[in-house]
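Engineer: have a look at this fold, sequence not included:
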């Protein structure tokens, strides 16, 4: 398994965290739900530093290396400012009340 973390610094981009939330709700979440080998994608933001990003959990190194839809980079106007790839040493799931993770977060609640 592999984890990929991608961050964009939005300074100088026409996109904002709010506009990218619309992109998630209208387009990206559904598109990424069909990407082969992707176990989980979590979109993240930091309004204080004006950064936007994602954490990907992939089934394999091959899946992590496959081309992805590049719409976010197109909207933001450049590839991620930072991109890091890690091997997964172990996984677990904790005790939780929310059975399904799909369509949770600020893009769907605010």
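Structural biologist: Happy to help now that I have it. Worth saying up front: this structure is predicted, and the values here are computed from it rather than measured.
Engineer: make it CA atoms for all contacts and neighbour counts henceforth
Structural biologist: Fine.
Engineer: quick check: bridge partners of the closest residue to residue 83 other than its chain neighbours?
Structural biologist: Spatially, and ignoring its direct neighbours in sequence, residue 83 is nearest to residue 6 (4.4 Å; Cα to Cα, 6 or more residues apart in numbering). Beta bridges link residue 6 to residue 54, residue 83, judged by DSSP bridges.
Engineer: how much space between residue 6 and residue 28?
Structural biologist: 15 Å (Cα to Cα, to the nearest Å).
Engineer: may I have the predicted confidence score for the residue nearest to residue 83?
Structural biologist: The per-residue pLDDT reported for residue 6 equals 96.
Engineer: packing partners of the helix or strand bottoming out on mean pLDDT in the chain?
Structural biologist: Here the helix or strand of the chain ranked lowest by mean pLDDT, DSSP states H and E is helix 106-109, holding a mean of 84. Helices and strands touching helix 106-109, by 3 or more Cα pairs under 8 Å, 6 or more residues apart in numbering; DSSP states H and E, are helix 17-23.
Engineer: for the helix it packs on, which positions count as buried?
Structural biologist: Residues of helix 17-23 classed as buried: 17, 20, 21, 23 (neighbour count, 16 or more other Cα atoms under 10 Å).
Engineer: now the third one: closest residue in space that isn't a chain neighbour?
Structural biologist: The shortest distance from residue 21 to any residue that is not its chain neighbour, by Cα to Cα, 6+ apart, is 4.8 Å, and that residue is residue 107.
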